[in-house]
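Trainee: Structure for this input, please:
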Amino acid sequence: MPDVITLSKLEEYVGKGRQGLIGNGDYYIRRIESGNVETVLPAIKVDGMVIFTCTVGSIKLSVNFRTTVLTPGSVLVLSPNDMIEFQGHTTAVKGYSLYLPIEFLKALSLDSNTLSFRDVDLDALPVIKLTSDILRLFEGYFNLLELNATVNSEPTLYTRNISRSVVSGMIYQIMAIAKEQKAQSEGGAEKSENGSRKQYYVRDFMSLLHEHFRQERSVGYYAGRLFISAKYLSLIIKEATGRTATEWIDHYVILEAKNLLRYSGRNVQQIAYDLNFHNQSAFGKYFKHLTGMSPSEFRKS
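Mentor: Sure, this is the predicted structure:
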C-alpha cells in the first residue's frame, strides 16, 4: 500500500533527512532529479497547495485517480484535498516541487479580485503549459524560494513576510497564465467579474466545504453558515464555477471515499461511518450513483 501522507507531516519527513527537501516552516521545496523522484512522490493527500514543474524529461502522475503526464515546461497545481501518486518517469527527469501548507496559505491575504473561481473545472486536470520565457521565470521563483529557505531558515516577522511575498508572486503569475490560456481557448472572450460580495461567498463556501464535507453534505448547512439562503448560494456557486454547490460537495466526498477505499485499509462499513453515512447501504448507493460502481468494485479496480 502506498505511503499516504499529508503536507502537515512534511516537518517529520524533514526530520528524517529526506533527500533534497528544504523547508523553513512556511513552505517546503525540493529539486526533482532522476535519482530521487520516487521518494518525492509517494501517494500524497494534499491539505494545502502543491506546485510541480518539469524542466527535463517527463513524469507520469495520477491526479485524483486520473492519469496525466508532466512534460518540459508544464506546471501542475494541486489544491486542498487533491490526491496525487507517482507512476513513472523517463530516464532523465528534472524539475521542482513546492509544498505550501494550508496554514501558510491562509496568511497570504491574496487579493480575492484576482483569484477567479470561474476558471475552476472539475473535469480538467490542473496542468498549465508555459512558454520558454515564463518557464525561466518560474525557475527563478523556485531558485529564489530555495535560497530563501536555506538562508532565512529561522522564522521571524521579516523572513515570513519575504516568504509570503515571493509565494504570492508565484501564485499571481499562475493565475495570470491560467486566465490568459482560458481566454484564448474561448476565443479571447473576457467575462465580467461578479461583485466582491459574491466572490467572498464563493471563497468562504470552498473553505467551509474543505473543513466540513466529511460530516455535512447539505447545501443548507453551508448556506446557513454564510447567513444566506440555499437557493442563493447554489446560484452564485453555479455562476462562479460552472458547477452547483451539490456537485462540489459530491466531488469532495467521492474523492475522499476513493482515497479511503484505495489506501486506508478500513472496511466499507467503517468508511461509511467516517463519512457520516447512516449505514453501509446508504454509502454504497451514494457511491454507485456517482461513480457507476460499488465501493467494493472500486477497491478491486
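Trainee: biggest helix in the protein by residues?
Mentor: Secondary structure of the chain per DSSP state H: the longest helix is helix 157-185.
Trainee: That one: how far from the chain's middle?
Mentor: Its chain's C-alpha centre and that of helix 157-185 lie 15 Å apart, by C-alpha atoms, centre = their mean, to the nearest Å.
Trainee: tell me which residues of it are tucked away?
Mentor: By neighbour count with 16 or more other C-beta atoms under 10 Å, helix 157-185 contains the buried residues 159-160, 162-164, 166-167, 170-171, 173-175, 177-179, 182. All C-beta spots, glycine's among them, are computed from the backbone N, C-alpha and C.
Trainee: how about the helices of the stretch 201-301 of the chain, start to end?
Mentor: With DSSP state H, counting those that start in this stretch as the criterion, the stretch 201-301 of the chain has helices at 219-226, 230-241, 245-259, 268-274, 280-291, 295-300.
Trainee: Looking at these, which is nearest to Ile84?
Mentor: Across these, Ile84 has its closest neighbour in helix 245-259 (11.0 Å, C-beta to C-beta).
Trainee: Looking at the closest one now, give me its mean pLDDT.
Mentor: For helix 245-259, the mean pLDDT works out to 91.
Trainee: list the helices and strands that helix packs on?
Mentor: With contacts taken as 3 or more C-beta pairs under 8 Å, 6 or more residues apart in numbering; DSSP states H and E, helix 245-259 sits against strand 83-89, helix 196-212, helix 219-226, helix 230-241, helix 280-291.
Trainee: Let me have these in a markdown table, adding distance to His251, mean neighbour count and mean pLDDT as columns.
Mentor: Compiled in a markdown table, these are given as follows (distance: least, C-beta to C-beta, whole Å; neighbours: other C-beta atoms under 10 Å; pLDDT from 0 to 100):
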| stretch | distance to His251 | mean neighbour count | mean pLDDT |
| --- | --- | --- | --- |
| strand 83-89 | 12 | 18 | 76 |
| helix 196-212 | 9 | 16 | 81 |
| helix 219-226 | 13 | 18 | 95 |
| helix 230-241 | 11 | 18 | 88 |
| helix 280-291 | 9 | 16 | 96 |
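Trainee: out of the ones you listed, nearest to Tyr263?
Mentor: Closest among the helices and strands packed on helix 245-259, using C-beta to C-beta: strand 83-89, at 8.6 Å.
Trainee: Could you tell me how far the closest one lies from the centre of the chain?
Mentor: That offset, for strand 83-89, works out to 14 Å (C-alpha atoms, centre = their mean).
Trainee: could you turn it into CSV, dropping everything but the C-alphas?
Mentor: Taking Å, rounded to 0.1, in the frame of the first residue of the first chain, the C-alpha atoms of strand 83-89 are listed here in CSV:
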residue,chain,number,x,y,z
MET,A,83,-4.7,13.2,-4.3
ILE,A,84,-1.5,12.6,-6.3
GLU,A,85,0.5,9.5,-6.9
PHE,A,86,3.8,8.9,-8.8
GLN,A,87,3.5,6.4,-11.6
GLY,A,88,6.8,6.6,-13.6
HIS,A,89,9.2,8.9,-15.3
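Trainee: Partner strands of that strand and their direction?
Mentor: Strand 83-89 has the following sheet partners, assigned by DSSP bridges: strand 44-45 (antiparallel), strand 59-63 (antiparallel).
Trainee: Does Asn64 touch Ser79 like I think?
Mentor: No: here Asn64 does not reach Ser79: they are 10.1 Å apart, not a contact under C-beta atoms under 8 Å.
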